[in-house]
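Student: Sequence first, predicted coordinates after that:
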Amino acid sequence: MEACNDFYYATRDPLGAAGDFTTAPEISQMFGELVGASLADCWHRSGSSARAIYAEIGPGRGTLAADALRAMRSAGFAGEAHLVETSPKLREKQASSVPHARFHDRVEQLPGVPLLLAANEFLDALPARQWIGDEERKVAIANDRLSFTPDGEVHEDSPARREAVAAIARHLVRNGGVALIIDYGHARTAPGDTLQAVRRHEYADPLADPGEQDLTSHVDFEAVGHAAEQAGALVSTLVTQGDWLRHLGIEHRAQSLIASNPDKRHDVEQALHRLCGRDEMGELFKVMAIRSPDWPEPAGFAA
């Protein structure tokens, strides 16, 4: 999974209608604006540190960063933008969307300052391991094709995912700041095979065409939260993306956009449904905040 995704992301822009999938920032500017508003509000309530920076892990085309920073700038935030990205193809897109952004290969390379960090659909692409009882599930060759062995009830684990979250948490504990983790997955650790492939906006065989399609698995948010807490950070209640966006006022933002652009009513309403609808991204996608013990909890997580 790691080898396939490393090649896949290094050799193409997978986003949009011509690619393999579409993420929330590409659906509507409202998503990025509310991420930025949430981070800016938390920054204000923490004391408005002039040293704080905006950081994003796996920033796609830079669309989320551009929209979030626009909202943050309007709220008085003047910090730098730092993007953690290893794909040369995507770095080109991000440099165009976020001029003067600084690039890093790893979270550990970010400056030792407070972070206002976003990670949207990043963790799901990190490699997972699967187990059948005490035996690790592996990829084998059978009849000249790739296949899984053995079969049975699958339990998934992702050391890479836990370590990525722990690295974020350690940075926040040392330097201050907050991270918004947005991804699809489940609230509690449970058995099940969630490995999936997407190609041309349709599900595909995960073992077909290695390196030519997006491989992901559902994020185990219980494990992610434990990893952050073990590193000393505080973890918010887990909420659905739909509830979080509604708590932040996405419906009011949608009405404002419609009022300014009446001819775009259908597009805005359709985007609102895709982001928040229970039958779309609203229920499957979850949001978790990880923060320094010295920082307040971001808006949108209160019961």
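Tutor: Happy to help now that I have it.
Student: ok, Ala208 touching Ala197?
Tutor: Yes - assessed by Cβ atoms under 8 Å, Ala208 is found in contact with Ala197 at 7.2 Å. From N, CA and C alone the C-beta is placed, and that goes for glycine too.
Student: And the two? Which one has more around it.
Tutor: Remark: of Ala208 and Ala197, Ala197 carries more neighbours, 21 against 12, as counted by other Cβ atoms under 10 Å.
Student: wait, what's in contact with the more buried one?
Tutor: By Cβ atoms under 8 Å, 6 or more residues apart in numbering, the contact list for Ala197 reads 203-206, 208, 213-216.
Student: Show me which pair in those is furthest apart.
Tutor: Using Cβ to Cβ, the contacts of Ala197 span at most 15.0 Å, a distance reached by Ala208 and Thr216.
Student: Can you check which strand is longest in this structure?
Tutor: strand 177-186 (DSSP state E).
Student: Check which helices and strands that one is in contact with.
Tutor: helix 29-46, strand 115-120, helix 159-175, strand 219-220, helix 221-230, strand 285-291 (3 or more Cβ pairs under 8 Å, 6 or more residues apart in numbering; DSSP states H and E).
Student: low-scoring pLDDT stretches of the stretch 1-150 of the chain, where are they?
Tutor: Along the stretch 1-150 of the chain, no part satisfies pLDDT under 70.
Student: surely Trp43 meets Ala52?
Tutor: Yes - Trp43 is within contact range of Ala52, at 5.9 Å (criterion: Cβ under 8 Å).
Student: Pairing partners for the most centrally placed residue in the chain in the sheet, please.
Tutor: For the chain, the residue nearest the mean C-alpha position is Asn120 (1.7 Å; Cα atoms, centre = their mean). Using DSSP bridges, the bridge partners assigned to Asn120 are Ile182.
Student: Ok, Thr216 next?
Tutor: Gln196.
Student: which residues does it contact?
Tutor: 124-125, 195-198.
Student: List just the nearest of the residues you listed to Ala140.
Tutor: Nearest to Ala140 among the contacts of Thr216, with distances taken as Cβ to Cβ, is Leu195, at 15.4 Å.
Student: How about the closest one: what's its closest non-neighbour residue?
Tutor: Leaving aside its chain neighbours, Leu195 sits nearest to Ser217 (4.8 Å; criterion: Cβ to Cβ, 6 or more residues apart in numbering).
Student: re earlier: among the contacts of Ala197, which ones are in helices?
Tutor: Residues of the contacts of Ala197 located in helices (DSSP state H): none.
Student: So among those residues, which ones count as buried?
Tutor: Neighbour counting over those (16 or more other Cβ atoms under 10 Å) leaves 204, 206, 213-216 as the buried ones.
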